[in-house]
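A.B. asks: Need coordinates for the below:
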Amino acid sequence: MKPDNLEERLWKRIARTRGDVFLRADFSDLGSYDRVGRALGDLVRKGRLMKIGYRLYTRTRPSLLDGKPVPPNGLATLTEALRRLGVETAPTRAEQAYNAGRTEQVPTGRVVAIRGKPVRRRIGYDGIFLSFERARPARPERRPRTKQRAAAPAAPITVREALRLMWEAERYPIRGNEDWREAAALEKEARARAATAKASPGDPPEFIGWLTALQDESLPAADREAAMSALYDLFDPEDGQGEQPTMLRLP
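C.D. replies: Residues are numbered from 1 along each chain as shown. Sure, this is the predicted structure:
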């Protein structure tokens, strides 16, 4: 009997596997790097697979509109790809607001909240790509009441302290309407304190740029996310060696 060729063996493995997303590494035992790559490319050209990112592939189904191959679950398939890469996802701010009934605008699904390090690779299809936001941290079991937070130091504060205030407002956990009001109050206070901020001699030059950007209400969302990502790396890095944030309020 003639042995199966590599493309057929790849497809048999895909057919036996649960889930819709596959990594190139899933087939590394079936052949050399180049041969596996060519076989996957052939399956993509035939419409049996679709490439959705660097070394990322998904099963396909015919589109109801034009019959072209599309991911089985649309944008949800792209979120599955994130999980295959070991990325932890969470509900976005828009999803939380919609699920809580605070807005009638249905989230598009193109934005995914993630925990951990930023995702650098592009994941998408037909010109549609995911974008990312930082997931809000889980609410602690016991959180200090607002009146228990430490009083703010006398003005002016340092730029570093102002950045920390902006970061604290951004990461405040949202679980209900009261949390949205508290987060808005923290952001308002942070902006007010930032107006008094003075640079310290040892501050890196980018501190002023971050603070100026975050004070600009017309700043595009992508630019704000980039600045806020820098603050997460400063105050809450992966290795746990960042500065410990403090909650400051106006007197």
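
A.B. asks: In the stretch 1-150 of the chain, what residue spans correspond to helices?
C.D. replies: Using DSSP state H, counting those that start in this stretch, the helices found in the stretch 1-150 of the chain span residues 6-16, 33-45, 75-84, 93-99.

A.B. asks: In terms of mean pLDDT, which of those ranks lowest?
C.D. replies: Lowest mean pLDDT within those: helix 93-99, at a mean of 86.

A.B. asks: so what's Gly47 up against?
C.D. replies: Applying Cβ atoms under 8 Å, 6 or more residues apart in numbering to Gly47 gives the contacts Thr60, Lys68, Pro69. Where you see a C-beta, it was placed from the backbone N, CA and C, and this is true even at glycine.

A.B. asks: cool, and Gly74?
C.D. replies: Gly109.

A.B. asks: repeat that with 10 Å
C.D. replies: By Cβ atoms under 10 Å, 6 or more residues apart in numbering, the contact set of Gly74 is Arg61, Ser63, Gly109, Tyr125, Ile128.

A.B. asks: among the contacts of Gly47, who's most crowded?
C.D. replies: Thr60 (21 neighbours; other Cβ atoms under 10 Å).

A.B. asks: List just the nearest of the contacts of Gly74 to Arg93.
C.D. replies: Gly109 (13.8 Å; Cβ to Cβ).

A.B. asks: so that closest one touches Leu130, yeah?
C.D. replies: Yes: counting by Cβ atoms under 10 Å, Gly109 touches Leu130, with 8.7 Å between them.

A.B. asks: For Arg134, give its distance to Pro72.
C.D. replies: Distance from Arg134 to Pro72, counting by Cβ to Cβ, to the nearest Å: 29 Å.

A.B. asks: Show me which of these two is the more surrounded one.
C.D. replies: More crowded of Arg134 and Pro72, by other Cβ under 10 Å: Arg134, with 20 against 14.
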